[in-house]
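Colleague: with the input below, show me the fold.
(2 chains)
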Amino acid sequence: MEIIKDIQNAFLPELIIVIFIVLNIILSLFIRKNAYKTAKIITSTGLVFACIAMFFVQLIPEYYAFNGVYLSNIFTCTFKIMLLICAFFAVFISGNLTGLRKQKSFEFFSLLLSGILSGFSLVSSNDFITAFISIEILSISCYFLTGFNTNRKSKEAALKYLITGAASSAVFLLGVSYLYGITGSISLSEISNIYANSTINPLFFIACLLILLSLMFKIGCIPFNNWIIDVYEGAAYNICAYLSLIPKISAFAFIINVFICIFSFSPVLKIISAIIALYTIIYGALGAIKQSNIKRLYAYSSIIHSGFILFGISILTVYSVSASIFYIFTYIFMNIGIWTASIIYNRDYKTDEIGDYKGLFSKRPYFTTALTICLISLAGLPPASGFFAKIYLFSSAFRSDFIFMTLMFAAMLATVVSIFVYFKIIKVLYEKPSNEITITKQGIFPGIILYVCALITLLIGIYPNILIKICQIVSYYI
Amino acid sequence: MNYIIPLVIFTPLMMSLFIMSPLFSDDEKIIRRTAKGFSIFHFTLMILLTAFFNFSQSEFTMKTSYKWIEVLGINANFEFDSLSLLLTVLTSFIFLLSVFISKNMIKRSYRLYYSLIFVLQSAVTGVFGAGDLFLFFLFWELELIPMYLLLLKWGSGNKQKTAMKFLLYTFFGSIFIIAGFLLLYYWNFISNGILSSDFNNINTIFIPDGIKALIFVLLFIGFGIKLPVVPLHSWLPDVHTQAATPVSIILSSILLKMGAYGIFRFNLQMLETVYEILAPFIMLLAAISIIYAGFCAINQKDIKRIIAYSGIAHMGIFLLGISSLNETGITGGIFQLFSHALISAGLFTIAGIIYVKCGTKNLLKLQGLGEKMPRLMLISIPVIFAGMGIPLLAGFVAEFLSFTGAFLFQSEGIINTKLITLIALSSVIFCSVYMLKIFHGLFFGEITKRLNKISDINIPQFAALAVIALYLIIFGIFPSILTNTISIYSTVTYNIAGVF
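Modeller: Alright, predicted model coming up:
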């Protein structure tokens, strides 16, 4: 009966998602007509049920399920809600895709759901083995989704992703095995208790470094970020949106857990990861300058933002972690916004090049305004939410050590370069149109999602008080 | 009176949303008339506000506060003191002017143009009316986007590069400003125990000297880029030259004043103990600005470029004036803001009209226009002569007070400020050289065949220039209208540290 109680208190949303994955797979055997629509409806129903189930999960006090392997508290709940938001967007923007094999819709959506499931368990994992399994399930669903397009580039990207991902998993396991050798435990909270009263030996440091580096692969930070650009270029647009959010957010949640439980004992590790974050920001900003392909540019942009979020985590104060969570929250909407815009544009004009966005304003003023708001937010200018996300992050760094302050100042100077990158796109949007292209009739969903994202971005930008408060509460309860 | 400041700041924004909304007509005439009508309304509102304002105190006499981000101690404080109110009136006037003269100079996308102009007006008014560090910074950054698009879409020449240059330079400056603000915010929290970014809650007395100096330098670099001070000035000539004329007017008359306002408000009022120590160095920097800009202006052939460099020199005089830290100098420095705003608005209008009529801004290709354009010649006399600093015009009062104040400054350090002031004073000669070069080059000499058919300026343009000229003359003959209200600052600046 212990198991039923555990499921009730911590595992209910995950269980619902599992049920809907199975349902999707079973239905794929019977339904041939309208497969896409049915799959979409079933998946979104599953997500709604999972959302409702979130209310029945025990949050205060925190609940350890399955012999302390699985954790449920306010922090995990917040991240799960973020993942659900992303999942809703990911489902609704995958309409009328070019290159998506329609007859495989059920498979597509069950892969998408399994990604969410593994994201949930990664967020909740209080144990390295649970974390490893979640990372593997997440990665496998991402490999398949990357290769879901029919063209060759997509296959190439999937293979690249698979090989590099496998290597990073191996590094992760090596680190965990060292940690197990030193402490005799794989539970995060147990290791944390062991190290609270003892000195740090060099092997522990190496183990932590290995784990840190393998996690850098998942979030796309230096030195393991080169896969991102090729993978994004090969994958379909909606998959890119998915890849830039769900694996990253869940990995960030796990990183926050690992930092608080283990890395907090070594100040050097914090500084190392802050330096990694700084270099990531600089790398992303400089790499994006020369790009003419919109997907590659957005890939670099996602690298920049990973760097910022990691920076907040590596400072590891209540303010900085809440700043990072706030940043992730705002990043969801602006990122979905830009990807949705390029999905629509790619569907209507069949192009990936930034130069082909020329004169979009005179053709579609409201669409372009919404896209501009998202881009401005990414660049970190008011009145969009990215402005306060950045200010809050900067201020948390200025509130901590002198070292972090200096590193953050360098990162702030790097944002000048990122401004150039985003305004490179905005510049093209407002130019004189070179040629007239006819507009095909559009489905309602992607467009609406862009407007919704832009609106939320604006609203958070104008009145961020509530969200900042929530993020602070969450980071108090980690 | 409680809602008046948010009303003044946000009505232009509402107007711009209204113009952009699908409900609004697409007809060019209606858009223009609405824009003009709104500008007149806003200016009237500002005049009324001035009439009811109590100018006798240097503190923030008009305040409105809303809850905003309480978690971080940030509130939406809107405050006016005499300086910010006067600058807001100036902003409203200059925007009115540029909306009125943009008829012949802006040829397409009227809707976007006017709505961007109004967003810009909101942002700039917000900068002057903000009473909170982060609110100030929000408006400061908000100004970038409309300005970028205005430069990009209605500029001339290599406008894409120019717009990007403006954006990157200004944003680079903003990074320094926000770093300084964050330090100020947290050290104020550490030393006074209040987590607040309200101007009135910031007290720098207990902040350690090293941190104060760091904040000062960061803020000075940030505002110095906007002002601009010489090593940080290179964005300005390109941007002013290639922007459309109404945009150039806004840039030089208002946007540079934002940097000046920042230096006055933060570096001088909040950190005046550091300013006292660094004043000779800043005077040196100001003198270098003045001389360097003068030299550059003499050799230019493009009218707008000459005006742009003269703007750098004038802002140098402002910096020299307020660095003197005495009543005369500070009054002169602030007076310079207003006189330069009017002068450069007038000069850019003249240059813009000539560019539209003759198709060129190059002085070598223009001469003898006085024969064909007597009205323009007549009305440009007070403007150009005010730029030179001829007595009985506003430019003279500002320069005279600034230089006098700088000369009275008692320095004990290695830098001889009296010598610096004397050297900077030679700018009067430079100034006459390039201003007369414009005047002489444009209106005298034999007219070329190509320009034989041009017509004189029409009545609205004449009226716009006449208003500027009138103001220049009024402020030149009765400077006490302005100096009485400004001089409050100068006498109280030292005591004000307790307030801040």
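
Colleague: in contact with the residue in the stretch 101-250 of chain B that chain A sits nearest to: list those residues for me.
Modeller: Residue of the stretch 101-250 of chain B nearest chain A, by Cβ to the nearest Cβ: B:L182 (4.2 Å). For every residue, glycine as well, the C-beta is placed using N, CA and C. Under the criterion of Cβ atoms under 8 Å, 6 or more residues apart in numbering or on different chains, the contact list for B:L182 reads A:394-395, A:398.

Colleague: and which of those is nearest chain B?
Modeller: Relative to chain B, and with distances defined as Cβ to the nearest Cβ, the nearest of the contacts of B:L182 is A:F398, at 4.2 Å.

Colleague: can you report how many residues lie near that closest one?
Modeller: Residue neighbour count, defined by other Cβ atoms under 10 Å in any protein chain shown, stands at 23 for A:F398.

Colleague: host element of it?
Modeller: helix A:385-399 (DSSP states H and E).

Colleague: other SSEs contacting that helix?
Modeller: Judged by 3 or more Cβ pairs under 8 Å, 6 or more residues apart in numbering or on different chains; DSSP states H and E, helix A:385-399 is in contact with helix A:294-315, helix A:318-349, helix A:365-379, helix A:402-429, helix A:444-462, helix B:133-142, helix B:159-192.

Colleague: what about the first one, distance to the chain center?
Modeller: The gap between where helix A:294-315 is centred and where its chain is centred comes out at 10 Å by Cα atoms, centre = their mean, to the nearest Å.

Colleague: kindly report the same for the shortest one.
Modeller: Per Cα atoms, centre = their mean, the displacement of helix B:133-142 from the mean C-alpha position of its chain is 17 Å.

Colleague: got it, and the last one?
Modeller: Its chain's C-alpha centre and that of helix B:159-192 lie 18 Å apart, by Cα atoms, centre = their mean.

Colleague: and stretch A:85-97, by the same measure?
Modeller: 15 Å.

Colleague: what's the answer for stretch A:191-202, then?
Modeller: Distance, centroid of stretch A:191-202 to centroid of chain: 31 Å (Cα atoms, centre = their mean).

Colleague: that older thread, got the angle for the helix holding A:F398 vs helix A:294-315?
Modeller: Using axes from the mean of the first three to the mean of the last three Cα atoms, to 10 degrees, the direction of helix A:385-399 lies 30 degrees away from that of helix A:294-315.

Colleague: and helix A:385-399, average pLDDT?
Modeller: Mean pLDDT, computed over helix A:385-399, is 93.

Colleague: pull out the buried positions in that helix.
Modeller: A:385-399 (16 or more other Cβ atoms under 10 Å in any protein chain shown).

Colleague: right, and A:N293 touches A:E353 too?
Modeller: Yes: under the criterion of Cβ atoms under 8 Å, A:N293 makes contact with A:E353 at 6.4 Å.

Colleague: more crowded one of these two?
Modeller: The residue with more neighbours, out of A:N293 and A:E353, is A:N293; 15 against 12, by other Cβ under 10 Å.

Colleague: and that one, how far is that from chain B?
Modeller: Using Cβ to the nearest Cβ, to the nearest Å, we find A:N293 at a distance of 20 Å from chain B.

Colleague: what sits against that residue?
Modeller: When contacts are counted by Cβ under 8 Å, 6+ apart, A:N293 is found next to A:233, A:352-354.

Colleague: among those residues, which are located in helices?
Modeller: Members of the contacts of A:N293 lying in helices (criterion: DSSP state H): A:E233.

Colleague: if any of the contacts of A:N293 are buried, put those into a ChimeraX selection.
Modeller: Only the buried members of the contacts of A:N293 end up in this ChimeraX selection, burial being decided by 16+ other Cβ under 10 Å:
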select /A:233,352,354
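
Colleague: quick one: which of the contacts of A:N293 is nearest chain B?
Modeller: Among the contacts of A:N293, and counting by Cβ to the nearest Cβ, the member closest to chain B is A:I354, at 13.5 Å.

Colleague: thanks a lot, catch you later.
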